[in-house]
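*Asks:* For reference, the sequence and a predicted model appear below.
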Amino acid sequence: MSEFLNLDREKEAQTKLTNRSTFLLVLVGLFGFITLFQLVKLTVLDSGLYTTISDENRIVRVPIYPSRGLIKLSNGEIVTENIVSQALTISPSKTKDIEQTLKELKENLIINEIQLLAYKEKSIDKKSKYERVVIAENLSQQQIARFSVESDRWPSLSIEARLMRFNLSGPIFSHVLGYVGQISLEEIEDSINFSYPLSFQIGKSGVEKSYEEQMRGGVGYKTIEVDVHGKEIRELTRVIPKKGSDIYLTLDKDLQELARNELAGRKGAIVALDPNTGFIKALVSGPDFNPNIFNKTEIGDLDIIFNDLESPLFNRAISGSYPPASTIKPFIGLLGLKEGEIDWNTTIEDEGFFQLNEEGRKYRGWKEEGHGQVNLAKSIIESSDVFFYQLATQLTVDRIATFLKEFGFGLKSGVDLYAEAEGILPDRKWKLGAIGESWFVGDTVNMGIGQGYISSTPLQLALAVSSIATRGKIYKPKVVAKVNEDLIEKEIFLEIDSIKESDWEKLESSMVSVISDWRGTAFNLNEIAKNKIAGKTGTAQIKSLTDEELTVKEEYEDIRQEVSNRDHALFVGYGPIPEPKLTVVVIVENGESGSAIAAPIAQRLIDKYLSKNN
């Protein structure tokens, strides 16, 4: 009986063991199947995914930016080129501790405090995982040597050759050429057709800014293999970038240098242009600056430039607003003729002052004793204020403002430079909005001699005066003549067809007499003139003369003690007569005398230009 019981127990134990073995076998089989499935999934089914992820870490597409187009003169002479500079760059995404890395670079004298701060201000974003960002530009040989010795400590850093902008003429063309600077995040976001990197140099002013799209070229690409630190191992493919276009200026270098030398660092502006095309031959604003300091290709202190009270960065030639003073008189005269308020024989008595009524304020002329009997021609030659005081009141501000706009006053010309001002062409509506007052007749009196609220830029004056030379045509001003081989055509900006040919001729004759007639305000030019020109002087008051107890001379002597209160000196002119080739406007701030200071500069510029081009 016990034998049967033992046999049953053995059989039961064997069954349990068999069940357990089966369970374990099934369990092991299941794990084996899952493992095998995962292996197949990783090596076969998902191989493409992991290959892509691997390649993203190993193979990257890097943009190649073209060299920036050169800036040249029309004769092919280069004025702005690209020079090679060594820069220290970093791959932010491959750097574990950027702050520590920068600290070490500074401690090892590889970068200085200024370069450190400049990098921190860049607000690095990670829009491009593999984009290299410049830490320091224009590395010295000592900096390069120090980095080379320690480079193994910073595998995500490298030294790269980069192109920097360099103006061969320094400050001579500063306000025309402008300068480049690091692109801002806002400029990157505003760019639609061009993907700028964070370290890109973009035009900030002048031609560099207005022709940015043409000079920057088109982006190319290269596919490269990189290591774990983001450094290039080898190049796989390449798409060549499109080179930036070269820009050819309309400017005449000799004329530009002469204009700059004549202004001699004084505050003011000179504009010289061809009245028959609008092409600018010289454009100088004083004081000027060295663009290479901004381009970072010459050493200099930017803070000195920014904090200079003389505002060297301000382009007075296109942005400065000045009272046109007596240079406005020829246009007021033309309006009087057009409206029939006067003719060339209309005469008045200039006693040295003008009154709206016998008890009213005396508006004094610059000549205490007056000019006697004057007509339009004599009033232009001798610059009679009284004649134009009276004519302005006859014309009214409404007609004056409408007519002057036909000559470009109060309008932007569309010159191919940024930050052009439109000046002020006041009328009743303007004064009510800007000053909060009604227009008075006295405002019109002042406007008749280019004083009061009216203001214009030197470029506006040059265009307006050119209309006399061309008998009513004003061409859009340009500083660029050609982009690569594509010529820039001249184009009409404004056209005045309401003036009789005989009035144009007589007006020009009067302006010639400003220089040739012994009574003319610029008769002194006869001592130096080599060519016959037409012109008009102007003296723009900065501070009003209101003390009727003193003579004009006595009151001004007190005012002029403060240099900043002295009158501006103006001259507008063109020549040679009868076939003008150059219009020149000269404004010297606080220069006092248009005839003694501004006019000789204009004459020398015209003579210089004609000696080269005749």
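*Replies:* That came through fine.

*Asks:* Tell me where the stretch 101-250 of the chain has helices.
*Replies:* For the stretch 101-250 of the chain, the helices defined by DSSP state H, counting those that start in this stretch cover 113-120, 141-150, 174-177, 185-190, 206-210, 212-216.

*Asks:* Pipe the ones you listed into JSON lines and attach mean neighbour count, mean pLDDT and distance to residue 505 per row.
*Replies:* The C-beta positions use only the backbone N, C-alpha and C, and glycine is treated the same way. Shown next, in JSON lines, are the helices of the stretch 101-250 of the chain (neighbours: other C-beta atoms under 10 Å; pLDDT from 0 to 100; distance: least, C-beta to C-beta, whole Å):
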{"stretch": "helix 113-120", "mean neighbour count": "14", "mean pLDDT": "65", "distance to residue 505": "61"}
{"stretch": "helix 141-150", "mean neighbour count": "14", "mean pLDDT": "82", "distance to residue 505": "68"}
{"stretch": "helix 174-177", "mean neighbour count": "27", "mean pLDDT": "97", "distance to residue 505": "35"}
{"stretch": "helix 185-190", "mean neighbour count": "12", "mean pLDDT": "79", "distance to residue 505": "51"}
{"stretch": "helix 206-210", "mean neighbour count": "23", "mean pLDDT": "96", "distance to residue 505": "38"}
{"stretch": "helix 212-216", "mean neighbour count": "20", "mean pLDDT": "92", "distance to residue 505": "42"}
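
*Asks:* Please name whichever of those is nearest to residue 384.
*Replies:* Closest approach to residue 384 among these (C-beta to C-beta): helix 174-177, 35.9 Å.

*Asks:* what comes into contact with that closest one?
*Replies:* 71, 79-80, 167, 206-208, 249, 251, 283-285, 288-291, 315, 317, 417, 479 (C-beta atoms under 8 Å, 6 or more residues apart in numbering).

*Asks:* Could you say which one of the helices of the stretch 101-250 of the chain comes nearest to residue 608?
*Replies:* Among these, helix 174-177 sits nearest to residue 608 (C-beta to C-beta), with 18.3 Å.

*Asks:* Give me the neighbour count for residue 398.
*Replies:* Neighbourhood size, residue 398 [other C-beta atoms under 10 Å]: 12.

*Asks:* does it count as helix, strand or coil?
*Replies:* Under DSSP: H, G, I helix; E, B strand; the rest coil, residue 398 falls in the helix class.

*Asks:* Same check on the one 3 residues further on?
*Replies:* Recorded secondary structure, residue 401: helix (three-state DSSP).

*Asks:* Touching, it and residue 426? I think so.
*Replies:* Yes - applying C-beta atoms under 8 Å as the test, residue 401 and residue 426 come out as touching, 7.0 Å apart.

*Asks:* Show me where the stretch 51-200 of the chain has its strands.
*Replies:* Along the stretch 51-200 of the chain, the segments classed as strands by DSSP state E, counting those that start in this stretch run 59-64, 71-72, 78-90, 133-136, 157-167, 180-182.

*Asks:* From residue 538, how far off is residue 520?
*Replies:* As defined by C-beta to C-beta, to the nearest Å, residue 520 lies at a distance of 14 Å from residue 538.

*Asks:* same thing with residue 506?
*Replies:* Residue 506 sits 21 Å away from residue 538, taking C-beta to C-beta as the criterion.

*Asks:* And these two? Which one has more around it.
*Replies:* Neighbours per residue, other C-beta under 10 Å: of residue 506 and residue 538, the larger number sits with residue 538, 30 against 17.

*Asks:* Now do the buried residues in the helix or strand containing the more buried one.
*Replies:* Assigned by DSSP states H and E, residue 538 belongs to strand 534-540. Neighbour counts over strand 534-540 (16 or more other C-beta atoms under 10 Å) mark 534-540 as buried.

*Asks:* repeat for stretch 363-383
*Replies:* Neighbour counts over stretch 363-383 (16+ other C-beta under 10 Å) mark 363-367, 370-371, 374-383 as buried.

*Asks:* quick one on the thing from earlier: looking at the strands of the stretch 51-200 of the chain, spot the one closest to residue 486.
*Replies:* That would be strand 71-72 among the strands of the stretch 51-200 of the chain, by C-beta to C-beta, at 14.0 Å.

*Asks:* Show me what the closest one is in contact with.
*Replies:* 78-80, 177, 207-208, 215, 246-249.

*Asks:* any idea which of those is the one closest to residue 397?
*Replies:* Using C-beta to C-beta, these come closest to residue 397 at residue 207, 38.1 Å.

*Asks:* so what's residue 391 closest to, chain neighbours aside?
*Replies:* Using C-beta to C-beta, 6 or more residues apart in numbering and skipping the chain neighbours, the partner closest in space to residue 391 is residue 336 (4.9 Å).

*Asks:* Next, count neighbours for the one you found.
*Replies:* Residue crowding around residue 336 was assessed by other C-beta under 10 Å; the count is 25.

*Asks:* is residue 82 in a bridge, and if so with what?
*Replies:* residue 165 (DSSP bridges).

*Asks:* does it really touch residue 161, like I thought?
*Replies:* No - between residue 82 and residue 161 there is no contact under C-beta under 8 Å: 11.3 Å.

*Asks:* more crowded one of these two?
*Replies:* Applying other C-beta under 10 Å to residue 82 and residue 161 shows that residue 82 carries more neighbours, namely 16 against 8.

*Asks:* Next up, the contacts around that one.
*Replies:* Counting by C-beta under 8 Å, 6+ apart, residue 82 touches 67-68, 70, 163-166.

*Asks:* before we move on, what about residue 519?
*Replies:* Contacts of residue 519 by C-beta under 8 Å, 6+ apart are 378, 381-382.

*Asks:* Can you report how many residues neighbour the nearest residue to residue 181 once chain neighbours are set aside?
*Replies:* Counting by C-beta to C-beta, 6+ apart, residue 181 lies nearest to residue 204, which is 4.5 Å off, once chain neighbours are set aside. Residue 204: 20 surrounding residues under other C-beta under 10 Å.

*Asks:* how near is residue 204 to residue 184?
*Replies:* 10 Å.

*Asks:* Check what pLDDT residue 605 gets.
*Replies:* Reading off the confidence values, residue 605 has pLDDT 98.

*Asks:* Contacts only, for it.
*Replies:* 255, 258-259, 262, 270, 272, 282, 582, 584, 586.

*Asks:* can you rerun that using 6 Å?
*Replies:* Contact analysis of residue 605 by C-beta atoms under 6 Å, 6 or more residues apart in numbering lists 272, 584.

*Asks:* Same question for residue 222.
*Replies:* Residue 222 neighbours (C-beta under 6 Å, 6+ apart): 62, 64, 235, 238.

*Asks:* Any quick PyMOL command for the buried ones out of those?
*Replies:* Per 16+ other C-beta under 10 Å, the buried members of the contacts of residue 222 correspond to this PyMOL selection:
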select buried, resi 62
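
*Asks:* Could you dump the contacts of residue 222 into CSV with distance to residue 346 added?
*Replies:* Shown next, in CSV, are the contacts of residue 222 (distance: C-beta to C-beta, whole Å):
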residue, distance to residue 346
62, 76
64, 71
235, 82
238, 77
